[in-house]
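>>> Following is a predicted model, sequence given first.
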Amino acid sequence: NAGVTQTPKFRILKIGQSMTLQCAQDMNHNYMYWYRQDPGMGLKLIYYSVGAGITDKGEVPNGYNVSRSTTEDFPLRLELAAPSQTSVYFCASSPRLASSYNEQFFGPGTRLTVL
Amino acid sequence: DQQVKQNSPSLSVQEGRISILNCDYTNSMFDYFLWYKKYPAEGPTFLISISSIKDKNEDGRFTVFLNKSAKHLSLHIVPSQPGDSAVYFCAASGVNNAGNMLTFGGGTRLMVKP
């Protein structure tokens, strides 16, 4: 199992450009998440999905969009990049569990700089 | 408002000694707490968890203590090793949580000196 994979590892964007951050998991997990981590800060949830075709906003969704057409893939779209979106982006997944215990499995991250 | 806080941004410990990382929370509806470890240029990895119905959970060198009345948890690492040097995140999960979402603290950077 590759686990959770993310591409690209690094990217520099100009203000106003758009891009898609790719995320895929091969563990057949229902739940998938996108986080951003700013320097010295914890992880903040951008969007999440509880299954194919179902997505919902997290704590900081503005400026982003997601889709979940398959169980495996959960791409994150930035339409008009702004310097405030400079951050490290992590994708994660977790299985559907009966309890609320939720071990999430993280990808290696994408470091994005918007200039 | 930060529901999960790690008030110490960094901690330095000598190899072989105990490392104690602290975490405070405000939401009494959290029912699971987790610790994640993160090395540079990697994603966080799960370390240990504790249910709110327990006050202690141990896994090898790692022990998590939960004080519900104080809304406080701590991670003890004994003995500390240089390979433990990383950023540690505390996270919490609530029972009425349709997305099984986690709320993370800001992290504590642990440096274990040889």
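That came in fine, so what should we check first? Numbers count the residues shown, from 1 in each chain, chains lettered A, B, ... in the order given.
>>> Quick one: residues contacting the residue of chain B found nearest chain A.
When scored by C-beta to the nearest C-beta, chain B has B:Gly43 as its residue closest to chain A, at 3.2 Å. Glycine gets a C-beta too; all of them are placed from N, C-alpha and C. If a contact means C-beta atoms under 8 Å, 6 or more residues apart in numbering or on different chains, then B:Gly43 has A:Val4, A:Phe90, A:Ala92, A:Phe106, A:Gly107, A:Pro108, A:Gly109 as its contacts.
>>> quick one: what helix or strand has the second one in it?
Using DSSP states H and E, A:Phe90 falls within strand A:87-94.
>>> low-scoring stretches of the chain, by residue?
All of this is about chain A. A:96-102 (pLDDT under 70).
>>> other chain: chain B
Using pLDDT under 70, chain B drops low at B:1, B:95-100.
>>> Name the residues of it found near chain A, please.
B:4, B:6, B:9, B:31-32, B:34, B:36, B:41-46, B:49, B:51, B:89, B:93-95, B:97-102, B:104-107 (C-beta under 8 Å from any C-beta of the partner chain).
>>> In CSV, list the C-alpha atoms belonging to stretch A:63-79.
The C-alpha coordinates for stretch A:63-79 follow below in CSV (Å, rounded to 0.1, in the frame of the first residue of the first chain):
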residue,chain,number,x,y,z
GLY,A,63,-10.7,30.3,-1.8
TYR,A,64,-10.8,26.5,-2.3
ASN,A,65,-13.0,23.9,-3.9
VAL,A,66,-13.0,20.2,-3.8
SER,A,67,-14.6,17.2,-5.6
ARG,A,68,-14.9,13.5,-4.7
SER,A,69,-15.9,11.5,-7.8
THR,A,70,-14.2,8.3,-6.5
THR,A,71,-13.3,6.8,-3.2
GLU,A,72,-9.6,7.0,-4.0
ASP,A,73,-9.2,10.7,-5.1
PHE,A,74,-9.9,14.0,-3.4
PRO,A,75,-8.4,16.9,-5.4
LEU,A,76,-8.2,20.4,-4.0
ARG,A,77,-8.7,23.4,-6.4
LEU,A,78,-7.4,26.9,-5.9
GLU,A,79,-9.1,29.2,-8.4
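>>> Does chain B have contacts with it?
No: using C-beta under 8 Å from any C-beta, we find that stretch A:63-79 stays clear of chain B, coming within 12.4 Å at best.
>>> Return the set of buried residues in that stretch.
A:Tyr64, A:Val66, A:Ser67, A:Arg68, A:Thr71, A:Glu72, A:Phe74, A:Pro75, A:Leu76, A:Leu78 (16 or more other C-beta atoms under 10 Å in any protein chain shown).
>>> Quick check: the farthest pair among these?
A:Thr71 and A:Leu78 (23.3 Å; C-beta to C-beta).
>>> Thanks a lot, see you next time.
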